[in-house]
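Asker: Build me a model:
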Amino acid sequence: MRDIICFDKGWRFHKGNIEYPTPNAKGIMYSQAKTKRKEYGPASVNYDSAPDSYDKSKGINPDRWDNVDLPHDYMIECVPNENNNNALGYVKYENAWYVKRFNIDKSDESRRLKLYFEGVATHATVYVNGCLMCHNFCGYTSFEIDFTNIARFGGENVVSVYVSTDEKEGWWYEGGGIYRHVWLIKTHPVAVDLYGVYAKNKYNGDGNWETLVTTTVRNDLFEDFSGNIRTELIDKNGNVICEKYDSFCVERKFKVDIKQPFNVENPQLWDIDAPNMYSVKTVIYDANGNIEDEVTTPYGYRTVEFSSKGFFLNGKKQIIKGVCCHQDYG
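Answerer: So this is what the prediction gives:
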């Protein structure tokens with residue numbers, strides 16, 4: 001089954017770059033020219049990022065580190081200065097580091113382990129246990145890393161995030177840091193992929209809707225997988241209005257898209273005054289009927305039309321009112 005664990009608590013934070021010069025000897029360069037490429041510096045497993053540490057087993061670290069919880073925007077504390085760019089909030093943008101230490105149980109050895117970042121402003125480089133895992137070059141997109149192969153089961157793990165604000169993506173205050181939530185996700189090697197459930201609705205008239213549910217299932221095993229999928233459409237009161245049960249096969253280290261069409265009569269429409277929502281419940285079984293994964297995805301029914309006459313929601317003309325809201329005003 002799938003576990004989704006909030007990863008917001010217990011981070012360590014350092015504002016500004018940390019200089020660690022390249023050594024002139026071969027040994028350390030050879031050692032980190034591998035998957036584990038950070039043997040020293042803030043991305044290293046052995047780096048002491050504890051604030052005001054007295055740990056005798058590690059070298060003394062004179063750099064200032066603070067304990068923080070996420071979401072965290074370290075630029076919001078800056079004092080505006082008229083010499084800095086006005087569109088960017090009159091603040092001087094700096095880079096920073098985040099580090100979090102956590103344990104992974106021995107019992108998780110058969111599972112796929114991921115870290116899901118909802119947003120890091122503005123560019124991010126992520127390491128786990130000293131191994132480079134990801135570069136993300138947009139502060140407005142979420143991203144996922146799979147660290148299963150380098151996880152330390154039954155022991156301590158370290159995730160390090162270097163935040164660069166050197167590149168600007170907007171003409172507004174963008175902030176800096178891990179400013180959205182982070183999640184630790186544990187799944188079976190055969191599971192629904194990230195953003196893997198898509199419900200597409202088509203209105204056929206006379207209250208009849210066609211809902212096509214496409215589910216992307218990934219197989220991270222080294223062998224093919226045959227199983228079954230149960231998909232339920234559920235209303236806001238928890239009632240199952242439609243259900244399908246199909247078999248599927250996905251090749252090793254591959255993905256498969258499973259399409260399941262449903263006919264829905266007279267669903268409650270999503271509207272401004274009545275925002276009715278439905279959900280898709282997806283359950284993946286192995287050949288013996290054991291549940292491997294389960295996810296729930298929200299969706300709704302409504303018609304949208306733009307024309308020279310204006311905007312129409314469910315056949316009714318609506319006036320759109322909005323505001324130029326950049327990055328939630330900081």
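
Asker: ok, which stretches of the stretch 201-330 of the chain are strands?
Answerer: With strands called from DSSP state E, counting those that start in this stretch, the stretch 201-330 of the chain shows them at 208-219, 225-234, 240-250, 254-265, 278-286, 291-299, 304-307, 310-313, 316-318.

Asker: want to throw those into a markdown table with distance to Asp193?
Answerer: Just so you know, the C-beta spots here come from the backbone N, C-alpha and C atoms, and that holds for glycine as well. What follows is those, written out as a markdown table (distance: least, C-beta to C-beta, whole Å):
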| stretch | distance to Asp193 |
| --- | --- |
| strand 208-219 | 4 |
| strand 225-234 | 13 |
| strand 240-250 | 11 |
| strand 254-265 | 6 |
| strand 278-286 | 11 |
| strand 291-299 | 10 |
| strand 304-307 | 27 |
| strand 310-313 | 31 |
| strand 316-318 | 35 |
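
Asker: Now tabulate the ones you listed in JSON lines and tack on mean neighbour count.
Answerer: Formatted as JSON lines, those follow (neighbours: other C-beta atoms under 10 Å):
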{"stretch": "strand 208-219", "mean neighbour count": "19"}
{"stretch": "strand 225-234", "mean neighbour count": "18"}
{"stretch": "strand 240-250", "mean neighbour count": "14"}
{"stretch": "strand 254-265", "mean neighbour count": "15"}
{"stretch": "strand 278-286", "mean neighbour count": "20"}
{"stretch": "strand 291-299", "mean neighbour count": "16"}
{"stretch": "strand 304-307", "mean neighbour count": "10"}
{"stretch": "strand 310-313", "mean neighbour count": "14"}
{"stretch": "strand 316-318", "mean neighbour count": "11"}
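
Asker: how about those in TSV, adding mean pLDDT and distance to Tyr90?
Answerer: Shown next, in TSV, are the strands of the stretch 201-330 of the chain (pLDDT from 0 to 100; distance: least, C-beta to C-beta, whole Å):
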stretch	mean pLDDT	distance to Tyr90
strand 208-219	98	45
strand 225-234	98	49
strand 240-250	97	53
strand 254-265	98	47
strand 278-286	98	44
strand 291-299	98	39
strand 304-307	94	38
strand 310-313	96	37
strand 316-318	95	38
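
Asker: can you tell me which of those comes nearest to Tyr195?
Answerer: Tyr195 lies closest, by C-beta to C-beta, to one member of the strands of the stretch 201-330 of the chain: strand 208-219, at 8.0 Å.

Asker: List the strands paired with that closest one, with their directions.
Answerer: Take DSSP bridges as the rule and strand 208-219 pairs in its sheet with strand 190-205 (antiparallel), strand 254-265 (antiparallel).

Asker: Can you add distance to Cys134 and give those back as a markdown table?
Answerer: Below are the strands paired with strand 208-219 laid out as a markdown table (distance: least, C-beta to C-beta, whole Å):
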| stretch | distance to Cys134 |
| --- | --- |
| strand 190-205 | 13 |
| strand 254-265 | 19 |
